[in-house]
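Enquirer: Sequence and computational prediction follow.
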Amino acid sequence: MSVRGRSYRYVGPADLKAVLRPGGGGYAIGSAADFSIWVAARSAAELAEPFTFVVGTDGVLRLAPRRSEHVACAGGAMVLSAGEIHFTREPGRWTVDDVSNHSTGYCPDVSSWPDVARALDGAGLGRPSGFTHEVVFRRCPGCEECSIVREEDFVCVFCGSDLPEAWNVDPADGRGTLRDRRSGPA
Ligand SMILES: [Zn+2]
């Protein structure tokens, strides 16, 4: 039994979600056996690159080629985390040497790490003790743009407003994505 973190909705452009096809999600890795099958089908060139990953609300890791959109990898569903991940072969097992929460489609908080850790443990993978690259996403309370906070500079790059300390990307009112709202009637 485990306590899961918050679930993240897709907050990116609506047109990307519109191209989703049923059954087109990423490869689900629920066990070490699943990972063995998946990794055996990858070329060395593929494995040299990072992969797009999501952790579904079922806690299962899903993988897709690097340039895949996270929302496609998730089959359009909500996720517990999302980002980029890279695997390396160690004696006797595969391990994760790089993993980030870099997903502009879901903008997950760095606090989603425990769900990633559980998913990687469930796949029998070695892993670091946290994201090796943490991305801080915030939505500007002034202009409502979502952006990545760089070098702890909590100022909106679009309008100069101060950004909050706490994660705030998903609109709490459930009105959909920012772009959905902006593209509606004025
Ligand atoms: Zn702003």
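Expert: Everything's here; your move.
Enquirer: Tell me where this structure has strands.
Expert: 27-29, 51-56, 61-64, 79-90, 93-99, 136-139, 146-149 (DSSP state E).
Enquirer: now these in JSON lines, with mean pLDDT?
Expert: Converted to JSON lines, the strands of the chain look like this (pLDDT from 0 to 100):
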{"stretch": "strand 27-29", "mean pLDDT": "97"}
{"stretch": "strand 51-56", "mean pLDDT": "98"}
{"stretch": "strand 61-64", "mean pLDDT": "97"}
{"stretch": "strand 79-90", "mean pLDDT": "97"}
{"stretch": "strand 93-99", "mean pLDDT": "96"}
{"stretch": "strand 136-139", "mean pLDDT": "96"}
{"stretch": "strand 146-149", "mean pLDDT": "92"}
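Enquirer: contacting residues for the closest residue to Asp115 other than its chain neighbours?
Expert: Of all residues not flanking Asp115 in the chain, Leu80 sits nearest, at 3.9 Å (Cβ to Cβ, 6 or more residues apart in numbering). Placement of C-beta: from N, CA and C, glycine included. Contacts here follow Cβ atoms under 8 Å, 6 or more residues apart in numbering; on that basis Leu80 touches 4-8, 55-57, 59, 108, 112, 115-116, 119.
Enquirer: Can you give me the distance of the closest residue to Thr88 other than its chain neighbours to Arg62?
Expert: Excluding its sequence neighbours, the residue lying closest to Thr88 (Cβ to Cβ, 6+ apart) is Asp97, at 4.5 Å. Per Cβ to Cβ, to the nearest Å, Asp97 is found 19 Å from Arg62.
Enquirer: And Ala117, by the same measure?
Expert: Taken as Cβ to Cβ, the span from Ala117 to Arg62 is 16 Å.
Enquirer: higher neighbour count, these two?
Expert: Arg62 (25 against 19; other Cβ atoms under 10 Å).
Enquirer: Next one: the residue most central in space within the chain relative to Cys159, how far apart?
Expert: In the chain, the C-alpha nearest the mean C-alpha coordinate belongs to Ala82, at 1.3 Å (Cα atoms, centre = their mean). Plainly put, Ala82 is 27 Å away from Cys159 if you go by Cβ to Cβ.
Enquirer: and if you look at Asn168?
Expert: Distance from Asn168 to Cys159, by Cβ to Cβ: 16 Å.
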